[in-house]
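**Q** Need coordinates for the below:
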Amino acid sequence: MPEISPEKLSEGLQTDADDLLVLDVRHEEEYDDWHIPGSVNVDVYDELTENPDAAKDDLGDLPDGKTIVTVCAAGVVSQTATDVLEELGYDAATLTDGMNGWSRVHRNATVPVDLDGTLVQVARPGKGCLSHVLISNGDAAVFDPSHYLDEYEAILDAHDAELVGVFDTHAHADHVSGGAELAARHGVPYYLHPKDALAIDATPVEDGQTVTVGTLDIEVLHTPGHSEGSVSFAVDGAALITGDTLFHESVGRVELGVEAGIEDSDVEGNAATLYESLERLVDRPDDIVVLPAHDPGSPEPPVTATLGEVRERNDDLGRDRGAFVRELASDIPDHPPNFQRVKRTNVGQESVPTEELAELELGPNNCAAE
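**A** Residues are numbered from 1 along each chain as shown. A predicted model of the protein is given here:
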């Protein structure tokens, strides 16, 4: 059975996209909810599971001359699609593990920022997640890592850097953090604000604190609202790692911690708190580079914008306090999949077996308010 790994597909979409056609055979509503950008959907899932020959009419009009990569949720039904396509004379291969496999893909690139060191952004296109690795004078810090720790180990090795600290901007709702495990592996502090470290062993950070990595100072800014323990990190005055507090075109949603049962606050109060946190961030210089923890779609690193550009693009920053609170408290998008369990895992209240993590995270990123 011809297969293509998620990593190989990711490379191919970057270098030979014209030669590939990604064919998603899931139900249309699943495709609309979450899919590989640039893919096409032919909803033949039921036909493929019940009578594969019945799918031939719908699959027989695909363009010739391309390698067709079939996709489903876990890479099972798409194998049948590949068989049918080969019978029809197409060059086809199955995406190993389907969308679950796509969720594992990571890409990285250096962030263009004026620092005495290197800042690497790690993008996870299947989840819209962004994390960062800061290297200065042989020392390194990792911010908001996924639980796929080999991705970060490879960057540390490539830069011959020693990890001195791991930071989470908050207890995430869309993916399981690898922060505590990465820190324990290297015997270094895992930094998380006490309001989010409910039942997990973490080194507390507080507003105004400075942590030094190599020759660079990292200023801690407590910016609650998305979660009670959300923080942002100002890196030597040149970069602002904002977590889910501030995105380039939106802000963090304010009800996830409440609905997960780990916050005693209310949605309107969280929205008002977030408004105050954002006021602190937008007072920074126009040329500071804003680096959030997520980007919609399928981010290609580096995803960057100056604070001046964010002010122009982000409608949420133009609302007065009353309008801001009303908008965030009333317009509630779809929740990230399994967000209650993910949140409880990241605050230390639940332990998920390693073999279940990929499935727990499967699905789109929905941490932005809009």
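**Q** can you pull the pLDDT of M1?
**A** pLDDT, M1: 65.
**Q** Just the buried residues of stretch 343-350, please?
**A** Judged by neighbour count using 16 or more other Cβ atoms under 10 Å, the buried positions of stretch 343-350 are K343, R344, T345, N346, V347, G348, Q349. Just so you know, the C-beta spots here come from the backbone N, C-alpha and C atoms, and that holds for glycine as well.
**Q** So what touches it?
**A** Residues outside stretch 343-350 that contact it (Cβ atoms under 8 Å, 6 or more residues apart in numbering) are 168, 171-173, 176-177, 196-201, 256-257, 260, 262, 341, 351-352, 360.
**Q** Just the buried ones among the residues you listed, please.
**A** If we count by 16+ other Cβ under 10 Å, the contacts of stretch 343-350 have these buried: 168, 171-173, 176-177, 196-198, 200, 256-257, 260, 262, 341, 352, 360.
**Q** need the helices for the stretch 151-300 of the chain, in chain order.
**A** Using DSSP state H, counting those that start in this stretch, the helices found in the stretch 151-300 of the chain span residues 179-186, 256-259, 267-281.
**Q** Most tightly packed of those?
**A** helix 256-259 (a mean of 22; mean count of other Cβ atoms under 10 Å).
**Q** Could I get the contacting residues of G243?
**A** Contacts of G243 (Cβ under 8 Å, 6+ apart): D144, T169, H170, T223, H226, S230, V231, S232, G252, P292, A293.
**Q** again, 10 Å this time
**A** By Cβ atoms under 10 Å, 6 or more residues apart in numbering, G243 lies in contact with 130, 143-144, 167-170, 172, 223, 226-227, 230-233, 252, 291-294, 367.
**Q** give me the low-pLDDT residue ranges for the chain?
**A** Counting by pLDDT under 70, the chain shows low-confidence ranges at 1, 258, 260, 331, 333, 364-370.
**Q** Against D91, how distant is F143?
**A** Taking Cβ to Cβ, to the nearest Å as the criterion, F143 is separated from D91 by 42 Å.
**Q** So for these two, which sits in the more crowded spot?
**A** F143 (26 against 14; other Cβ atoms under 10 Å).
**Q** and the residue positioned nearest the centre of the chain, bridged to which residues?
**A** With distances taken as Cα atoms, centre = their mean, the residue of the chain nearest its centroid is C129 (1.4 Å). Beta bridges link C129 to R124, H294, judged by DSSP bridges.
**Q** looking at it, K127 is touching H294, isn't it?
**A** Yes: proximity of K127 to H294 meets the contact threshold set by Cβ atoms under 10 Å, at 8.1 Å.
**Q** what's the span of stretch 286-296, first residue to last?
**A** 23 Å (Cα to Cα, to the nearest Å).
**Q** So for it, what gets flagged as buried?
**A** Applying 16+ other Cβ under 10 Å to stretch 286-296 flags I288, V289, V290, L291, P292, A293, H294, D295, P296 as buried.
**Q** Stretch 63-72 too?
**A** K66, T67, I68, V69, T70, V71, C72.
**Q** Compute the first-to-last residue distance for it.
**A** Rule used - Cα to Cα; the end-to-end distance of stretch 63-72 is 20 Å.
**Q** which element is V122 on?
**A** Using DSSP states H and E, V122 falls within strand 118-124.
**Q** Determine the set of other helices and strands touching that strand.
**A** With contacts defined as 3 or more Cβ pairs under 10 Å, 6 or more residues apart in numbering; DSSP states H and E, the packing partners of strand 118-124 are strand 107-110, strand 129-136, strand 139-143, helix 150-158, strand 289-292.
**Q** Give me the contact list for the longest one.
**A** Contacts made with helix 150-158 from outside it, assessed by Cβ under 10 Å, 6+ apart, are listed as 104-108, 118, 120, 122, 124, 131, 133, 135, 140, 142, 145-146, 161-163, 166, 178, 182, 185-186.
**Q** Apply 6 Å and report the result again.
**A** Taking contacts as Cβ atoms under 6 Å, 6 or more residues apart in numbering, the residues outside helix 150-158 that touch it are H106, V120, V133, A140, V142, P145, L163.
**Q** next one: the last one
**A** Residues from elsewhere that reach strand 289-292 (Cβ under 6 Å, 6+ apart): V113, A239, L240, I241, T242, F247, T304, A305, L307, V310.
**Q** Now do the contacts for the nearest residue to V325 once chain neighbours are set aside.
**A** Sequence neighbours aside, A271 is the residue nearest to V325 in space, at 4.3 Å (criterion: Cβ to Cβ, 6 or more residues apart in numbering). Taking Cβ under 6 Å, 6+ apart as the criterion, A271 is in contact with V254, V325, L328, A329.
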